[in-house]
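**Q** Okay, sequence plus prediction incoming.
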Amino acid sequence: MTPIGVPDVTETAAPYPFPVVLEVQGLMEPEYFGRLPEAMAALLTAVGTLPLSPDQQGYFAELFGPSEEQSIGRRLATHGEVRALAFLDLTPTVVRLYPAGPGTAQ
């Protein structure tokens, strides 16, 4: 049972799968993808171009690897976005994946 005044995310979440938008701060503008696996592959490619430590590269490969498609889809459906941080020296770079809205350019 959901407390009064708190939306039940299972009722309000869009069904998975759905089109998504990928954004990597400072590296790529928000980009529309019709399918989540395509966005996740593009995310790994984009992050792979960054001068990250092997630990950070492994973190992203584990978080957004092909085997995590269902997990990421559930997070998108229930939380509305998935964010991660990549650190370039001491500068955080935000990586965002979120459902495409009705007005999102395709």
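**A** Alright, I've got the coordinates.

**Q** which stretches of this protein form helices?
**A** 9-12, 36-48, 54-64, 69-79 (DSSP state H).

**Q** Which other helices and strands does the longest one contact?
**A** Using 3 or more CB pairs under 8 Å, 6 or more residues apart in numbering; DSSP states H and E, the elements in contact with helix 36-48 are strand 20-24, strand 28-33, helix 54-64, helix 69-79, strand 91-99. C-betas here are computed from N, CA, C, even on glycine.

**Q** Flag the helix or strand of this protein with the lowest per-element mean pLDDT.
**A** When the helices and strands of the chain are scored by mean pLDDT, DSSP states H and E, helix 9-12 comes last with a mean of 44.

**Q** for Ile72, what are its contacts?
**A** Leu36, Met40, Phe64, Val82, Leu97 (CB atoms under 8 Å, 6 or more residues apart in numbering).

**Q** got the contact list for the second one?
**A** Pointing back at Met40 there. Shown in contact with Met40 (CB under 8 Å, 6+ apart): Phe64, Gly65, Pro66, Glu68, Glu69, Ile72, Leu97.

**Q** List the buried residues for stretch 87-103?
**A** Thr93, Val95, Arg96, Leu97, Tyr98, Pro99, Ala100 (16 or more other CB atoms under 10 Å).

**Q** same question but for stretch 35-44, I mixed them up
**A** Residues of stretch 35-44 classed as buried by neighbour count (16+ other CB under 10 Å): Leu36, Ala39, Met40, Ala41, Ala42, Leu43, Leu44.

**Q** For the second one, give me the pLDDT.
**A** I take that to be Ala39. Per-residue confidence (pLDDT) for Ala39: 94.
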